[in-house]
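A.B. asks: Quick one: sequence plus predicted model below, questions after.
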Amino acid sequence: MPSLRTGRRRGPLGIAAGVLAVAAIAMLIFAGTGSAKPNDAAAHSRVKAGGTVTMALPPSTVVNYIFPFMGLQFFSVYNISYMQQNLFRPLYWFGRGSTPALNPAISLAALPKYTKNNTVVTINLKPYKWSNGESVTAQQVVFWMNILKVQKLGWAAYSPGGMPDDVKSVVANSPTKVTITLTGPTNPGWFTYNQLSQITPFPMAWDISATGQKAGSEACGKAPYAKVVVKTDKKNSKVTPTSPEAKSCEKVFEYLSRQSGFDPKNPKAPNNSLKTYATNPLWQVVDGPWHLTKFDSAGTFTLEPNPKYSGPVKPKIDKVVMLPYTSNAAEFNALVGGKIDVGYLPYEDVTSPAKSPLVPGKNHPRLSDFNIDPWYGWGIYYIVPNFNSTGNNGQAGKIMKQLYFRQAFQLLINQPLYIEKLNKGYGVPTYGPVPVLPKNPFATKFAASNPYSYNPKRAIALLTAHGWKVDPKNVTTCADAAKCGVPAGTKLQFTLPYAVGSATTKQLMEAEQASWQQAGIKVTLSVGSFNTVIGNAVPCTGKSCTWEMAFWGGWIYAPDFYPSGELLFQTGAGSNSGSYSDKKNDALIKDTNFGDATLASWQNYLVTQLPVFWQPNQAAQLTEIRKNLKGVVPQNPLQSINPENWFFTQ
Amino acid sequence: MIGYLARRVVQAILVVFGVMLLVFLLEHVIPGGAARAALGQRASQAQIDQFNQLNGYDLPIWHQFLDYCRDLILHFNLGYSYRKNQGVAQLIQETLPKTLVLVGISTFLAVIVAVPLGVLQVVRRNKPIDYILTGTAFIFYAMPAFLLGQILILYFAIDLSWFSTEAPQSASAWGVLSQPKDLVLPVLSLAAITIAAFSRYMRSSMMEALTEDYVRTAKAKGASQRRVLYRHALRNALIPLITLLGLSLPAIVGGALITETVFNFPGMGLLTTQAAVNNDVPLLLGTTFVAALATVVGSLMADVLYAIADPRVRYA
């Protein structure tokens, strides 16, 4: 994709840039074809209507929040993708075939139009209906924006500077047209993929603050965005509603949250709403293809077709039953025992390696009734170095800041080998901030080319050239402070805590540890729970900032589907755990968010800069699908599921 | 006896309080704390501060602990689990009865099988049956629960299709009881290991009882072999089992993590483990409270029953 960065000037150049931006959006959308496989086309002629599909949830998965406006504590793939989005459709659906592209066909609105120097976004809604007969309207988009304005800190996907901070006004021009005016120019790709992706229209049936009230009893749903007035403190840590409409929005939010099981005002209060999900009339007002008919607190739930679904693809099966599992072993036993139609093969049970990341090997001999399909998530894997670390006698952070060191460290990571041997072929390397697989319109050829392919000799040469006395049998030591960038005598030794996970993770860490030792880089591994590792590895400064590196997995781009990295790599970003800071990187990110730039320049820059140490990306799941069940593949890399596409064959 | 009981109850309360305090303190030294655990990697400092303030985690630890104890004692409010989006008391209320069914049945089965087995081994000691039963007991005792569970599933559920691969999936204890066929394998898996342990205890205890003076006296008085075994030796040999059963109560209440994991049975064991791994402080405190309570009650029950069964303990 050509670079569209033309700077901030307007006039003829600006218009050209606008046209190019629209073209870029179109490319982003249509680049992902994701057409059905030919076999599926044949299968369509043998559709057997009805049937129940049982689907296994991964071990220890908790599905526990139904209201599609939640804080980070409930913000999980399983709450959103497995339950909420099947009931309450987001304004824009992402995931087209096996690509992370926007899918206009099943979105509630037509593609957004950006005008006036990309400061005005116009959204035209399609004629969708809620199950209670209400139309999905522009005002319902405003309703969501009103709640966001009052509760931005309670919304998991909020990031300072993003919605609603960058929104000047939201107007429902007609029942089907919404206009969002921004405080400044935006990058259409970024705004569509990272901001509009968050919106889920709310029905007027939810504009209430007490059980039994009539739909629309509160003022929030009908209120114009401008009338919802709030006061935000200087630290942006408290939002106080000031207008009656804003107060009404707060009441509505609190009521809907309580109905979902969580009382934002009094979180310790006992609440038994979880059990009522399938019976509460509030949650039966749906615009998605499914509605909830059963839900128990253990995590089993059942979806049945919404008979009034007005979207294009109607469900063909009668029921989807989601079953939670306590362990991979329990799930595998159930799979072999024939209890599940869509499940997963635990990595420890893979008997035949993949031929390539997308072409699976032979299935497990006990699973002859199933097809296997690797499911790659839209994410990146990496080890985080702490650039401010005072570990290693105060030198760890200073060493991390040396690009040559990061290059040497990365050169000793043999991703293709680990994928082949440890991931049994079900993995793809990560070489930059944009994943190369699943196939997507964002990754550049350069990012896929890996400028730091495994080369121990080059790693040793780099260190030697920078004043280090390399000692593979012991520890490499700095011999020339001027070249090293750290005092002479400093040793290349670090501690690397990693999150306990599968046996593969342990093997990977140990293999890399041995590889780094080839250049005398002594890495001491330690293992901790995921929460302990991420709890330690937080952005920090000063003497207590001692952690040196950490590995817990990586980052999934959702609901910020545009992999622009402002949350991860920008100076001071909340999830920039290692405190990476680079002016050029910041400027490039800014351009991808608010300018006209594509992601190419930025990602190519970061590929070379190594803000983190890239790690292999193992397939998120090896999905097992019963052979007579079709429509499950291609799997959405954003880990959403569309059971309305599923059907049994004769 | 009343004074003895009163002393033991006071001790029990202190032990429960001590355990709770220890867990509370340990949970607070874990990096990141409850906020990071609940909100994850994406949380900004502002969001973490807000979470801490809403949940009282910004207060001094002693203040938090007193608040917790106050809620527990006055309102029996064990708090709220973010991870599960449910009240802790409710979670325990749902999970504990299911666990009691699974582990309780297994323990009961273990006792009624282990006692006669132990006696049989003594009666036929140093005979082939004794060697076979001893060898079998050692095999089961040494076998990891995970392996035994998997073997049972593979053979009886997958190859023979006699039973389900899973324990009953009902959310209630009654629901679990209403699927007895699905209970067979997990109960068997748990009971087999417990039988192995209990039968060894029973054998040793019975052997010891048979060497006692009162047994020799009974024999000298011309009591039949049957009477000597069941009236004199067995009753005394059962006393150590009282202790064993009392000590089994925490296990019955605390669940059987491995069996729950293999048979997809989300019970108390799994609930506690997940709470610990997820830094789910209120849930961990809740399950710890229940386990600590079961431990002291079990121990207390054993002491009391022991005192009733053996007057020497009382008089001492």
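C.D. replies: Good, I have the coordinates. Numbering: from 1, shown residues only, chains lettered A, B, ... in the order given.

A.B. asks: ok, residue 201 - how many residues close by?
C.D. replies: Going with chain A. Neighbour count for residue A:201, taken as other C-beta atoms under 10 Å in any protein chain shown: 26. C-betas here are computed from N, CA, C, even on glycine.

A.B. asks: ah, no, chain B please
C.D. replies: Neighbours around residue B:201, by other C-beta under 10 Å: 17.

A.B. asks: so it touches residue B:117, yeah?
C.D. replies: No. In this structure residue B:201 lies outside contact range of residue B:117 using C-beta atoms under 8 Å: 10.9 Å.

A.B. asks: which residues of the stretch 151-300 of chain B fall in helices?
C.D. replies: Here the stretch 151-300 of chain B has its helices, by DSSP state H, counting those that start in this stretch, at B:173-177, B:180-210, B:213-220, B:225-227, B:234-237, B:239-254, B:257-262, B:268-277, B:281-309.

A.B. asks: got the contact list for the third one?
C.D. replies: By C-beta atoms under 8 Å, 6 or more residues apart in numbering or on different chains, the residues outside helix B:213-220 that reach it are B:209, B:227, B:228, B:231, B:232, B:233, B:236.

A.B. asks: what residue is smack in the middle of chain B?
C.D. replies: Geometric centre of chain B, nearest residue: residue B:251, 0.9 Å, by C-alpha atoms, centre = their mean.

A.B. asks: now it: how far from residue B:267?
C.D. replies: 12 Å (C-beta to C-beta, to the nearest Å).

A.B. asks: For residue A:259, which residues are in contact?
C.D. replies: Counting by C-beta under 8 Å, 6+ apart, residue A:259 has contacts A:67, A:211, A:273, A:276, A:280, A:282, A:283.

A.B. asks: could those residues be laid out in JSON lines, adding secondary structure?
C.D. replies: Shown next, in JSON lines, are the contacts of residue A:259 (DSSP: H, G, I helix; E, B strand; the rest coil):
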{"residue": "A:67", "secondary structure": "coil"}
{"residue": "A:211", "secondary structure": "coil"}
{"residue": "A:273", "secondary structure": "helix"}
{"residue": "A:276", "secondary structure": "helix"}
{"residue": "A:280", "secondary structure": "coil"}
{"residue": "A:282", "secondary structure": "helix"}
{"residue": "A:283", "secondary structure": "helix"}
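
A.B. asks: Mind telling me the two of the residues you listed farthest from one another?
C.D. replies: A:67 and A:211 (14.5 Å; C-beta to C-beta).

A.B. asks: Which one of these two is surrounded by more residues?
C.D. replies: residue A:67 (25 against 11).

A.B. asks: So the more buried one sits against residue A:260, correct?
C.D. replies: Yes. With contacts defined as C-beta under 8 Å, residue A:67 counts as touching residue A:260 at a distance of 3.9 Å.

A.B. asks: Kindly provide the distance from residue A:617 to chain B.
C.D. replies: Distance, residue A:617 to chain B, using C-beta to the nearest C-beta, to the nearest Å: 17 Å.

A.B. asks: show me what contacts that residue?
C.D. replies: Per C-beta under 8 Å, 6+ apart, neighbours of residue A:617: A:376, A:377, A:379, A:380, A:381, A:427, A:428, A:429, A:430, A:435, A:437, A:554.

A.B. asks: any idea which element the last one lies in?
C.D. replies: What it means is residue A:554. Using DSSP states H and E, residue A:554 maps to strand A:549-556.

A.B. asks: sorry, back to before: list the residues that contact both of residue B:251 and residue B:267?
C.D. replies: residue B:103.

A.B. asks: which residues of the stretch 1-150 of chain B fall in helices?
C.D. replies: Ranges of helices within the stretch 1-150 of chain B are B:2-29, B:33-39, B:45-55, B:61-75, B:88-123, B:128-142, B:145-152, based on DSSP H, counting those that start in this stretch.

A.B. asks: ok, the closest residue to chain A within the stretch 101-250 of chain B - contacts?
C.D. replies: Chain A sits closest to residue B:165 of the stretch 101-250 of chain B, with a gap of 3.9 Å, by C-beta to the nearest C-beta. By C-beta under 8 Å, 6+ apart, the contact set of residue B:165 is A:330, A:333, A:334, A:336, A:337, A:339, B:153, B:157, B:158, B:263, B:264.

A.B. asks: The residue nearest to the centre of chain B against residue B:103, yeah?
C.D. replies: Yes. If you go by C-beta under 8 Å, residue B:251 and residue B:103 touch, sitting 6.6 Å apart.

A.B. asks: so how far does stretch A:477-485 reach from one end to the other?
C.D. replies: Start-to-end span of stretch A:477-485 (C-alpha to C-alpha, to the nearest Å) is 12 Å.

A.B. asks: got the buried residues for stretch A:279-298?
C.D. replies: Residues of stretch A:279-298 classed as buried by neighbour count (16 or more other C-beta atoms under 10 Å in any protein chain shown): A:280, A:282-292, A:295-298.

A.B. asks: Following the helix or strand where residue A:586 lies in sequence, what is the next regular element?
C.D. replies: For residue A:586, the element it lies in under DSSP H and E is helix A:583-594. Counting by DSSP H and E, the next helix or strand C-terminal to helix A:583-594 is helix A:600-609.

A.B. asks: Outside of that following helix itself, list whatever touches it.
C.D. replies: For helix A:600-609, the external contacting residues (C-beta under 8 Å, 6+ apart) are A:1-3, A:5, A:403, A:406, A:431-434, A:442-444, A:446-447, A:451, A:563-565, A:569, A:582, A:584-585, A:588-589, A:591-592.

A.B. asks: What is the burial count for residue A:139?
C.D. replies: Applying other C-beta under 10 Å, we find 20 residues neighbouring residue A:139.

A.B. asks: Which strand residues bridge the closest residue to it other than its chain neighbours?
C.D. replies: Excluding the flanking residues, the one nearest residue A:139 by C-beta to C-beta, 6 or more residues apart in numbering or on different chains is residue A:172, at 4.5 Å. Residue A:172 has these beta-bridge partners by DSSP bridges: residue A:178.

A.B. asks: what sits against residue A:172?
C.D. replies: So residue A:172 contacts A:137, A:138, A:139, A:141, A:142, A:178, A:224 (C-beta under 8 Å, 6+ apart).

A.B. asks: Touching, the fourth one and residue A:199? I think so.
C.D. replies: Put plainly, it is residue A:141. Yes. The pair formed by residue A:141 and residue A:199 meets the contact definition of C-beta under 8 Å, at 6.1 Å.

A.B. asks: Show me which of those two is the more surrounded one.
C.D. replies: Between residue A:141 and residue A:199, residue A:141 has the larger neighbour count (other C-beta under 10 Å), namely 26 against 23.

A.B. asks: and the more buried one, how far is that from chain B?
C.D. replies: In terms of C-beta to the nearest C-beta, residue A:141 sits 25 Å off from chain B.

A.B. asks: quick one, domains of chain A?
C.D. replies: A:12-31+A:68-265, A:290-376+A:620-649, A:379-618 (automatic domain parsing).
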